[in-house]
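**Q** Next one to model:
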Amino acid sequence: MVQKEDNLMSHKLFVSLPIKNVDRSVAFFKALGFRFNPKLTGETAACLLIGEHAYAMLVAESLFKTFTKKQLCDTATHVEGAYGFQCESRAEVDALWTKAIAAGGNDGGPPEDHGFMYSRSFTDLDGHHWEVVWMNPEHMV
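**A** Prediction:
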């Protein structure tokens, strides 16, 4: 943990998501322009680089099931969470959403435009819900 001047703690964030096929998921996110950490990517998991301190571990269901005693969420009928990332502009939001749909993702609903914030959503090949957001820098924390 790193303590910043404004007393906010800074952590690296790793979100682990169960997936059916590592190669297929890697290909999907590469089509969106994302990269992976090769040191944390192999046959059963892949480390998606989202930002300087944010990562998604895409973990094969067989391995993920060893992490918990609970049932995995059926993303065809349930939402386990919404995972979002920020873009630099509205145009980047639309472009990334378009790439996700072209790569096989599904539309998560109509765009939301609140003036100071614009977002689009999609679900990936495993049904995980992603929010792509632009926010006016004047409204950022």
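**Q** In CSV, list the C-alpha atoms belonging to the longest helix anywhere in the chain.
**A** As assigned by DSSP state H, the longest helix anywhere in the chain is helix 90-102. Listed in CSV are the C-alpha atoms of helix 90-102, where the atom choice follows Å, rounded to 0.1, in the frame of the first residue of the first chain:
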residue,chain,number,x,y,z
ARG,A,90,-16.7,10.1,-26.2
ALA,A,91,-15.3,9.0,-29.6
GLU,A,92,-13.0,6.5,-27.8
VAL,A,93,-16.0,5.1,-25.9
ASP,A,94,-17.8,4.5,-29.2
ALA,A,95,-14.8,3.1,-31.0
LEU,A,96,-14.0,0.6,-28.2
TRP,A,97,-17.7,-0.4,-27.9
THR,A,98,-17.8,-1.0,-31.7
LYS,A,99,-14.7,-3.1,-31.6
ALA,A,100,-16.2,-5.2,-28.8
ILE,A,101,-19.4,-5.9,-30.8
ALA,A,102,-17.3,-6.7,-33.9
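**Q** Quick one: mean pLDDT over that helix.
**A** With pLDDT averaged residue by residue, helix 90-102 scores 97.
**Q** who are the neighbours of it, in terms of helices and strands?
**A** In terms of contacts (3 or more Cβ pairs under 8 Å, 6 or more residues apart in numbering; DSSP states H and E), helix 90-102 is packed against helix 22-31, strand 117-123, strand 129-135. Placement of C-beta: from N, CA and C, glycine included.
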